[in-house]
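Chemist: no sequence for this one, just the structure:
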């Protein structure tokens with residue numbers, strides 16, 4: 001799979017949120033034609049970085065993805081490109 005992410009930007013969460021695992025919010029361009037905002041960068045309990053994609057809640061309280069990878073391989077590819085572009089290291093705070 002070839003996925004081209006560009007214009008990656010991170011707004012780091014404050015240190016209190018980073019201690020609970022929310023590292024910040026991402027925006028990126030996919031394939032030169034689609035801008036995505038509001039993707040959360042999180043650190044899991046075991047120390048790896050993961051992305052959480054935005055959702056909305058309808059009037060009945062059901063959650064619906066606004067955007068998401070179509071399968072697990074796509075999720076892993078997006079995560080790998082983001083982590084590499086940000087130069088994330090386990091155990092550090094993002095600024």
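Modeler: Thanks, I have it. What you are looking at is a predicted structure, and each value in this text was computed from that prediction instead of being measured. Numbering: from 1, shown residues only.

Chemist: hey, where'd the helices end up in the chain?
Modeler: Remark: helices assigned in the chain by DSSP state H are 15-19, 72-86.

Chemist: Which parts of the shortest one count as buried, going by neighbours?
Modeler: Meaning helix 15-19. Neighbour counts using 16 or more other C-beta atoms under 10 Å place residue 18 of helix 15-19 among the buried residues. C-betas here are computed from N, CA, C, even on glycine.

Chemist: Give me the most central residue, this protein.
Modeler: The structure's the chain has its C-alpha centroid closest to residue 51; by C-alpha atoms, centre = their mean the separation is 3.3 Å.

Chemist: how close does that one sit to residue 8?
Modeler: Distance of residue 51 to residue 8, given as C-beta to C-beta, to the nearest Å: 12 Å.

Chemist: same deal with residue 23?
Modeler: Following C-beta to C-beta, the distance that separates residue 23 from residue 8 is 14 Å.

Chemist: cool, residue 64 as well?
Modeler: Look at residue 64 and residue 8: by C-beta to C-beta, they are 25 Å apart.

Chemist: More neighbours: those two, which one.
Modeler: residue 8 (15 against 9; other C-beta atoms under 10 Å).

Chemist: so who does residue 79 touch?
Modeler: With contact set as C-beta atoms under 8 Å, 6 or more residues apart in numbering, residue 79 has these partners: 49-51.

Chemist: what's the closest of these to residue 32?
Modeler: residue 51 (20.1 Å; C-beta to C-beta).

Chemist: rewinding a little: list residues touching both of residue 51 and residue 8?
Modeler: Shared contacts of residue 51 and residue 8, defined by C-beta under 8 Å, 6+ apart, comprise 26, 82.

Chemist: Quick check: mean pLDDT of stretch 27-39?
Modeler: Summarised as a single mean, pLDDT over stretch 27-39 is 93.

Chemist: Strands of the chain, residue ranges please.
Modeler: Ranges of strands in the chain, per DSSP state E, are 5-12, 22-30, 34-43, 49-52, 55-57, 63-65.

Chemist: Residue 78 contacts residue 26, doesn't it?
Modeler: No - the criterion here is C-beta atoms under 8 Å, and residue 78 misses it with residue 26 at 9.9 Å.

Chemist: shared neighbours, the two?
Modeler: Common neighbours of residue 78 and residue 26 (C-beta under 8 Å, 6+ apart) are residue 51.
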